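>>> Mind folding the following:
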Amino acid sequence: VDAWCRPKAAMWENKRVYQNIEALQSATDKTQIVIENRSPVTNSNVYVATLLIQQDGKVISKKVLPAINLEPGAKTNFSLKPYLPKFRDASEYHASIHFTLAKDEVWAAKGFEVASNQFLLKTANVKANAVTKANFKTTDHTDKLEVAAANFKITFDKKNGALSSYVLAGKQQVEQPLLPNFTRPLTENDRRGWKPQRVLKQWYDNKVSLKDFNHTQKADGTLAITSNYTMLGDSVAVKVVYTINGDGTVKVDYDLKANKALPFIPKVGMQMAIARNYEQINWFGKGFQETYVDRAYGFDAGIFTEALKDFNEPYVYPQETGNRMDVRWMSLKDSKTNNGLLVVADSLLSMNAWPYTEAEINLKKHWHKLEDAGFITLNIDLRQMGVGGNDTWSVVAQPLDQYKNLAGDYKYTFYIKPISGKADESALAKKIVF
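Coordinates of the predicted model:
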């Protein structure tokens, strides 16, 4: 709990770990769950059970279930089938069961939620859309490559191979280049405990170097820009391919090959900066508070909205903050104009956004001394190592083995598209895939 009596993310994690009723999904049939009353003294019939069905993160059905009568320690099988709609192929579906107090208690009011669990029923099968053809005008300068179409101009810096500028209708969308990034700001466990900046120094002390850069017009009408990077000699190779569709969507294919003899990787991802006024953040993923690979059990997937000022945890000592797990899409917009950027994943990403640079977060010792960067640092990652914390003062503070990113091969794809007006991000996320 913070100084304002607001529960931190770890509180929700603990609540779910210790909740009196647990519902687990069958490993062989996603429509079947097992409900267990873990209370040593209370029958589960004192709670109201409610079942929610979500389609693409939005609740489409809410039903109060018949009383579930379980003595302490007892289990029962429960079928979700009678409550499920006909699934659409291109949609993702979740079910969640919630147990709330049926009457006022001394310690909480009627309706207080004592337990809940969420289950993935079906993933989305999103088919690639036909590309939008455009008459691209490419201008190959000594230091940059410019790609222009009717209403946008995208620039790639030849020194670092990065997407460095995206101007749409005269407005700049990109404030700092999109580059591979392997680090995160140090957490309290990192800084005072296992010190990854020393243990994993190969990742903290080095930056990728551009090996070659080229572009080609593809037969389908899109334009592909390829940047190949190396680091630590030939021990690390990163290939980033940008494919530009005629509607201005940029597809980013990331391919990392890291020598398995290297220490594990703090983060596999990319980092850029966008306009500072894109402060309204909407996302389909885990929420509402920050989640990490070893601290995500307490939160469910859904569609959430936060202002940037509330998006990050205000740790007294600045550190890594604000990550969201299992992100399918995320938009960052100006709340007044609804103009902004939409990032769509082909898998489940880890994403966060700060009004500071990573260097600034590592430098300052109190949150109120952080200096606004004048832009928003946006992290679009495949994986970030866990926060650890079995203790906070020794090597034991590091993440458990299952929450580390072992050196090896990693691939992922995401799409970036400027948006305007009151866009339906869920629908748009399916339309821009190509």
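>>> if I've got this straight, K15 is in a helix?
Yes: K15 sits within a helix when classified using DSSP: H, G, I helix; E, B strand; the rest coil.
>>> give me the number of residues near A134?
By other C-beta atoms under 10 Å, the residues close to A134 number 20. Where you see a C-beta, it was placed from the backbone N, CA and C, and this is true even at glycine.
>>> What of Y18?
10.
>>> What distance do you get for it to Q402?
Note on Y18: its distance to Q402, by C-beta to C-beta, to the nearest Å, is 21 Å.
>>> Kindly report the same for H368.
36 Å.
>>> swap in K239?
Note on K239: its distance to Q402, by C-beta to C-beta, is 28 Å.
>>> With neighbour numbers in mind, choose between these two.
Taking other C-beta under 10 Å, K239 and Q402 do not tie; K239 has more neighbours (16 against 8).
>>> And the nearest residue to that one once chain neighbours are set aside, which helix or strand is it part of?
In this structure, K239 finds its nearest non-sequential neighbour in D255, 4.3 Å apart by C-beta to C-beta, 6 or more residues apart in numbering. According to DSSP states H and E, D255 maps onto strand 250-258.
>>> which parts of that strand are buried?
V250, K251, V252, D253, Y254, L256, K257, A258 (16 or more other C-beta atoms under 10 Å).
>>> Can you list the neighbours in contact with that strand?
154, 163, 166, 178, 180, 235-245, 265, 268-270, 382, 407-417, 434 (C-beta atoms under 8 Å, 6 or more residues apart in numbering).
>>> which of the residues you listed are buried?
For the contacts of strand 250-258, a burial check counting by 16+ other C-beta under 10 Å picks out 154, 163, 166, 178, 180, 235-240, 242-245, 265, 268-270, 382, 407, 410, 412-417, 434.
>>> which element is the residue most central in space within the chain on?
Nearest to the mean C-alpha position of the chain, by C-alpha atoms, centre = their mean, lies S350 at 3.0 Å. Here S350, judged by DSSP H and E, is contained in strand 340-354.
>>> and that strand, what does it pack onto?
In this structure, strand 340-354 makes packing contacts with strand 267-275, strand 280-287, helix 308-311, strand 324-333, strand 375-384, strand 409-419, helix 425-431, judged by 3 or more C-beta pairs under 8 Å, 6 or more residues apart in numbering; DSSP states H and E.
>>> what do you get if the cut-off is 6 Å, keeping everything else the same?
In this structure, strand 340-354 makes packing contacts with strand 324-333, strand 375-384, strand 409-419, judged by 3 or more C-beta pairs under 6 Å, 6 or more residues apart in numbering; DSSP states H and E.
>>> L51: which of these is closest?
Evaluated over the helices and strands packed on strand 340-354, closeness to L51 peaks at strand 324-333, with 21.3 Å, by C-beta to C-beta.
>>> can you give me the end-to-end distance of stretch 109-125?
42 Å (C-alpha to C-alpha, to the nearest Å).
>>> mind listing what's buried in it?
For stretch 109-125, the neighbour count (16+ other C-beta under 10 Å) marks V114, A115, S116, N117, Q118, F119, L121, K122, A124 as buried.
>>> Identify the bridge partners of the fifth one.
By that I understand Q118. Note on Q118: beta-bridge partners by DSSP bridges are S96.
>>> For it, which residues are in contact?
Shown in contact with Q118 (C-beta atoms under 6 Å, 6 or more residues apart in numbering): H94, S96, D300.
>>> rewinding a little: and the nearest residue to the residue nearest to the centre of the chain once chain neighbours are set aside, how close does it get to N214?
With sequence-adjacent residues excluded and distances taken as C-beta to C-beta, 6+ apart, S350 is closest to D381, at 4.4 Å. D381 sits 26 Å away from N214, going by C-beta to C-beta.
>>> What separation is there between V240 and P180?
Per C-beta to C-beta, V240 is found 7 Å from P180.
>>> Now for the two: what residues contact both?
With C-beta under 6 Å, 6+ apart, V240 and P180 have no common neighbours.
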